[in-house]
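Chemist: Output the structure for:
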Amino acid sequence: MPDRRPRVAFTIEQCWHRVPGGTAVAAIEAARAIVDDGSIDLIGVAARHRNPPPAAYAPPIPVAHLPLPRIALYEAWHRLRAPRVERATGPVDVVHATSIAIPPKSAPLIVTMHDLAFLHEPAHFTRRGLAFFRRGLELAKSDADLVLCVSEVTRRDCIAAGFDPGRLVTVPLGVKSVRARPEAVAQVATKYGLNRTYVMWAGTIEPRKNLRGLIRAFMSLDPDLDLVLAGPKGWNEDLDALLASGRERVRVLGFVPPEDLGPLYAGAAVFCFPSFLEGFGFPVLEAMAQGTPVVTSKETSTEELAEGAGVLVDPRDPEAIAAGLTSVLEDGALAARLREAGLRRAAQYTWERTAGLIGDAYARVMA
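Modeler: Numbers count the residues shown, from 1 in each chain. Okay, here's the model as predicted:
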């Protein structure tokens, strides 16, 4: 590694996406932790924009903007392999693509791979999205010096997709573990009109999140319970159709600002996340960090996160989801064990650890 601090171009365009999602959160928090460490000079890379991103997704690093708007930039990167990030950033030692939008390889290239859900369930994605993801996958396989996988599930998927295992490194993401204070929980409950016991779900509304299965399971439970859905509308999912019956028991909050999410998790009797496939599963970790019992899916990355600290269910079986929820809601001792186990589990996932592993990857490709 050079005597000076290495300079890394760090793609952060997802902060401007209509639905920034987990990839934006991952980029923002990893960047923040890398900068706090102080050993790496990180400069963000994004498309041309007239306005800053929403305040909740403001990058914590300086951002250099290339002259093309997003769609044109992504197409140019994937089809023409131009423009180089250095056109905006100046010379860099490493290029880090923090999503599957892959810039040209003008320096050692690292790619963060969140998931390969588009290979498992292509029907859940738009035609344009599929073409973009597939091209990004090809470029990651051919050009990346290292691929950072956010979970072992994603690493196994990458191997199955044809990646060289020697170029794959598992780099789990982190979570902020500050627990919500009781007064904040009460204030947020009042703000959103939550005056009954509730089951909570959080995420982007899209087919692979399995809201259909969750709603079917929930409707078989005690009618004195509410279901709270927190998160922005995504794609290919008609929530109104899913709520054709029982709407009065389901609270659809839409996008929730980060300062309200912790108290919402903390106020829930149980958090349920029966996704069909996840690369990591931020909401599960966020719920556990608030001491909220978790019911989530087997055989995807959320099983890794909730190992020994959550109730695991078959997401394709609404009856199994309902049984998992009932076990927590009706067994106070089980709920208490899950609260404590979840807190211990979440404490293992820190952004400082993530930043350290990313720094090791930078040093490795520069060596």
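
Chemist: what ranges do the strands span in the stretch 251-367 of the chain?
Modeler: Assigned by DSSP state E, counting those that start in this stretch, the stretch 251-367 of the chain shows strands spanning 270-273, 294-297, 311-313.

Chemist: Most tightly packed of these?
Modeler: Compared across the strands of the stretch 251-367 of the chain, strand 294-297 shows the largest average neighbour count, a mean of 30 (mean count of other C-beta atoms under 10 Å). Every C-beta, even on glycine, is put in place using the N, C-alpha and C of the backbone.

Chemist: How far away from the center of its chain is that one?
Modeler: 16 Å (C-alpha atoms, centre = their mean, to the nearest Å).

Chemist: Name every strand pairing with that strand and say which way it goes.
Modeler: Sheet pairing for strand 294-297, assigned by DSSP bridges, gives strand 270-273 (parallel), strand 311-313 (parallel).

Chemist: Tell me which of those strands sits nearest to residue 212.
Modeler: Residue 212 lies closest to strand 270-273 among the strands paired with strand 294-297, at 13.2 Å (C-beta to C-beta).

Chemist: Would you mind identifying the helix or strand in this protein with the lowest mean pLDDT?
Modeler: helix 239-242 (a mean of 76; mean pLDDT, DSSP states H and E).

Chemist: now that helix, how far from the chain's geometric center?
Modeler: So, by C-alpha atoms, centre = their mean, the centroid of helix 239-242 is 24 Å from its chain's centroid.

Chemist: Just the buried positions in that helix, please.
Modeler: Under the neighbour-count criterion of 16 or more other C-beta atoms under 10 Å, helix 239-242 has residue 242 buried.

Chemist: Give me the residues contacting it.
Modeler: Helix 239-242 has contacts (C-beta atoms under 8 Å, 6 or more residues apart in numbering) with 205, 211-212, 215, 229, 233, 252.

Chemist: now swap in stretch 304-314 and tell me
Modeler: With C-beta under 8 Å, 6+ apart as the contact definition, stretch 304-314 has outside contacts at 151-153, 274, 280-281, 284-285, 288, 293-298, 302-303, 320-321, 323-324, 327-328, 338, 341-342, 344-345, 349.

Chemist: Quick check: ChimeraX command selecting the buried ones in these.
Modeler: Buried residues among the contacts of stretch 304-314 (16+ other C-beta under 10 Å), as a ChimeraX selection:
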select :151,153,274,280,281,284,285,288,293,294,295,296,297,302,303,320,321,323,324,327,328,338,341,342,345,349
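
Chemist: quick revisit: would you turn the strands paired with strand 294-297 into a markdown table with mean pLDDT?
Modeler: Shown next, in a markdown table, are these (pLDDT from 0 to 100):
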| stretch | mean pLDDT |
| --- | --- |
| strand 270-273 | 98 |
| strand 311-313 | 97 |
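
Chemist: would CSV of those strands with distance to residue 132 be doable?
Modeler: Shown next, in CSV, are the strands paired with strand 294-297 (distance: least, C-beta to C-beta, whole Å):
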stretch, distance to residue 132
strand 270-273, 26
strand 311-313, 32
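
Chemist: right, so of these, which gets closest to residue 102?
Modeler: strand 270-273 (28.9 Å).

Chemist: Could you tell me how far the closest one lies from the centre of the chain?
Modeler: That offset, for strand 270-273, works out to 16 Å (C-alpha atoms, centre = their mean).

Chemist: avg pLDDT for stretch 11-28?
Modeler: For stretch 11-28, the mean per-residue pLDDT is 93.

Chemist: I meant stretch 320-330, not that one.
Modeler: 97.

Chemist: How far does it sit from its chain's centre?
Modeler: Centroid displacement of stretch 320-330 relative to its chain, using C-alpha atoms, centre = their mean, is 25 Å.

Chemist: which residues touch that stretch?
Modeler: Contact with stretch 320-330 is made by 199, 213-214, 216-218, 220-222, 225, 269-270, 272, 274, 293, 295, 311-315, 334-335, 338, as judged by C-beta under 8 Å, 6+ apart.

Chemist: before we move on, what about stretch 339-350?
Modeler: 172-175, 177, 285, 287-289, 291-294, 305-310.

Chemist: which of those residues are buried?
Modeler: Here, 16+ other C-beta under 10 Å leaves 172-175, 177, 285, 287-289, 291-294, 305-306, 309-310 buried among those.

Chemist: How is the chain divided into domains?
Modeler: 7-174+350-366, 182-347 (automatic domain parsing).

Chemist: mean pLDDT lowest for which of those domains?
Modeler: Looking at the domains of the chain, the bottom one is domain 182-347 with a mean of 93.

Chemist: How much space separates the spatially most central residue of the chain from residue 282?
Modeler: Nearest to the geometric centre of the chain sits residue 22, at 2.7 Å (C-alpha atoms, centre = their mean). Using C-beta to C-beta, to the nearest Å, residue 22 is found at 5 Å from residue 282.

Chemist: Also residue 166?
Modeler: According to C-beta to C-beta, residue 166 stands 28 Å off from residue 282.

Chemist: Tell me which of those two has more neighbours.
Modeler: More crowded of residue 166 and residue 282, by other C-beta atoms under 10 Å: residue 282, with 24 against 7.

Chemist: Take the contacts of helix 239-242 and lay them out in JSON lines including secondary structure.
Modeler: As requested, the contacts of helix 239-242 are exported to JSON lines (DSSP: H, G, I helix; E, B strand; the rest coil):
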{"residue": "205", "secondary structure": "strand"}
{"residue": "211", "secondary structure": "helix"}
{"residue": "212", "secondary structure": "helix"}
{"residue": "215", "secondary structure": "helix"}
{"residue": "229", "secondary structure": "strand"}
{"residue": "233", "secondary structure": "strand"}
{"residue": "252", "secondary structure": "strand"}
